[in-house]
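In: just coords:
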């Protein structure tokens, strides 16, 4: 039996809970969880904001751990390896998307790390707020030795979500990249775009973030509520990476793109409000694109890139017993930039 | 003095009018106009729907004519050549966009064929509802011998507007392309996509257009108001070419795209209403793109492509004295698929 934290209902908050993990199958890797990042998505599932939460729900899809056991067919991992697990733990493995290593777009539906249904035994998946997890080797990635495991946990979601579109759209040396929003995703976007050689501008509503943005590597900061500052950068960007997870006006940002520029949404899933001005796209051949996490080969590539460039997420370590307070602070944007649960605090709890 | 048709005010309608054309400059081509297509944009300018109309306005940006004179520096055209002029007659010629042959996105502003301001003498440009026109050679294209000049006129706007994005996004043999709308642009989109080797589906609200769409080359027709038909083609298209010039719900069409699919807007300039669902982009890495006419090298390429593939616009020939009636019919969608003015009817008028 495995100790974990779960929400039992929309209003219960997180509390200790016991689950059972499956015996490793031939392609499985059993992982002792060391750290788990806390993603805003976890809060949405705990509160059933999007509907469809299956209680009890054990959240957590930014998992770093140590391999304790591998199935007979597993070649790439062995006991003692430091590995990561992100937002997915399975997919059909045979569709066009899976063939391209883009399991997140699996035509038959990927299996999320928690609140999903196992394709083999129909059991409900439980996430990383837990002592351990068992995952098929295709959905496990290796953490380079040069990375700090605790600060790497959020790379599995916040990291890959921002890395993937920058790579997909070919951001390169000299490109002008705007990053909108300075949260868990935004600060990673700044680091990645900078490491790819881009000239990076952070767009934020808050004067208070200017200094911090520059510390993170931004070359420039634009206060997005200042019309004169926005006008000064009109039609100057190749890419905008938009990490804002709530409704906002896209038009002023689109206006900052050159002709042929690309605005990438990674946070917004809701209707676009205020309305998108179609002319902002048509008159300048601009592109509005979306992107969802990243595929498994790309997730490994991202970790290797982080290892090579010394990129980590900025984190605040968390004792799991304070998870409910952490949720409240996250709702107010009060974290720089990601909480990471030290799973020793779970293992050592009564 | 040059006979033409102009609107003198928002409500005057089109009527005979005399203008003066400039003497050809060193890089100019003087053209005797044979045919001019009637674009919906002409109506918007005549009625001042978008504001900014400078009266008198002589519309017309789908011009086919015969060269009568060339300036001293003109190498590519000579008296007697059959040539075309589209939506632009000048640009800065030195910006990043112009350098790429994308004069329509000129950073300093392209000069439209009518209602624009000449960059040299500040005069107002007058369009193709006229006996003749004088245009700089960079903005003149050659009409291949194999094309029917009358049926080629609308290629200069309706043609290039649909050809350009299909080429830009690399539509190729075997791709599944949806074309939304079956008007002047839509029927050209079907022909181009088919000639590029795509499997083409026309989306229309009207059962009455099914037979006609197949005649134009569509492999399939989907009635977009029929939910079952829309559901049957969900997630199956690589590209959607959206030629609808009025507000409409993009979400059902986005849902027809595969992951990584691209929805191209060429007609809509207004706010997107109903609201765009951002999740339609993010969850499948789809792209919403815009495109505006095409650059001059690409316009020549398009005409050559039409010459090679025997592609024309379907037209209804028009006596210029009936232009006001033609506008009324166009407002009702009652034309297959473009009116083209036979300019002899102007030259022979009293």
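Out: Structure received. What you see is a predicted model, and the numbers here were worked out from it, not measured in a lab.

In: what segments of the stretch 151-300 of chain A are helices?
Out: Assigned by DSSP state H, counting those that start in this stretch, the stretch 151-300 of chain A shows helices spanning A:158-168, A:184-195, A:210-216, A:227-232, A:251-254, A:278-282, A:296-309.

In: of these, which is nearest chain B?
Out: Nearest to chain B among the helices of the stretch 151-300 of chain A is helix A:278-282 (3.0 Å), distances taken as Cβ to the nearest Cβ. In short, each C-beta sits where N, CA and C put it, glycine included.

In: and residue A:317, how many neighbours?
Out: 12 (other Cβ atoms under 10 Å in any protein chain shown).

In: what residues does chain A put near chain B?
Out: By Cβ under 8 Å from any Cβ of the partner chain, the residues of chain A that approach chain B are A:96-97, A:102, A:105, A:107, A:168, A:235, A:258-260, A:265-266, A:268-292.

In: give me the pLDDT value at the residue lying closest to residue A:229 once chain neighbours are set aside.
Out: Distance criterion Cβ to Cβ, 6 or more residues apart in numbering or on different chains; nearest residue to residue A:229, sequence neighbours excluded, is residue A:222 at 5.0 Å. What the model reports for residue A:222 is a pLDDT of 98.

In: got a list of what residue A:222 touches?
Out: If you count contacts by Cβ atoms under 8 Å, 6 or more residues apart in numbering or on different chains, residue A:222 has them with A:178, A:201, A:202, A:203, A:204, A:229, A:230, A:233.

In: please indicate which of those are buried?
Out: Buried members of the contacts of residue A:222, counted by 16 or more other Cβ atoms under 10 Å in any protein chain shown: A:178, A:201, A:202, A:203, A:204, A:230, A:233.

In: the first one touches residue A:201, doesn't it?
Out: Yes - in this structure residue A:178 lies within contact range of residue A:201 using Cβ atoms under 8 Å: 4.9 Å.

In: what sits against residue A:33?
Out: Residue A:33 makes contact with A:63, A:64, A:65, A:128, A:130, A:131, A:132, A:133, A:343 under the criterion Cβ under 8 Å, 6+ apart.

In: with pLDDT, neighbour count and secondary structure as added columns, please give these in TSV.
Out: Below are those laid out as TSV (pLDDT from 0 to 100; neighbours: other Cβ atoms under 10 Å in any protein chain shown; DSSP: H, G, I helix; E, B strand; the rest coil):
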residue	pLDDT	neighbour count	secondary structure
A:63	98	31	strand
A:64	98	29	strand
A:65	98	29	strand
A:128	98	34	coil
A:130	98	28	strand
A:131	98	20	coil
A:132	98	21	strand
A:133	98	30	strand
A:343	98	26	coil
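
In: who touches both of residue A:178 and residue A:201?
Out: A:222, A:233, A:237.

In: ChimeraX command to pick out the buried ones of the residues of chain A next to chain B?
Out: Buried subset of the residues of chain A next to chain B, written as a ChimeraX selection, criterion 16+ other Cβ under 10 Å:
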select /A:97,102,105,168,258,259,260,265,266,268,269,271,272,275,276,277,278,279,280,281,282,283,284,285,286,287,288,289,290,291,292
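
In: what's the spacing between the residue nearest to residue A:229 and residue A:253?
Out: In this view, residue A:222 and residue A:253 are 10 Å apart by Cβ to Cβ, to the nearest Å.
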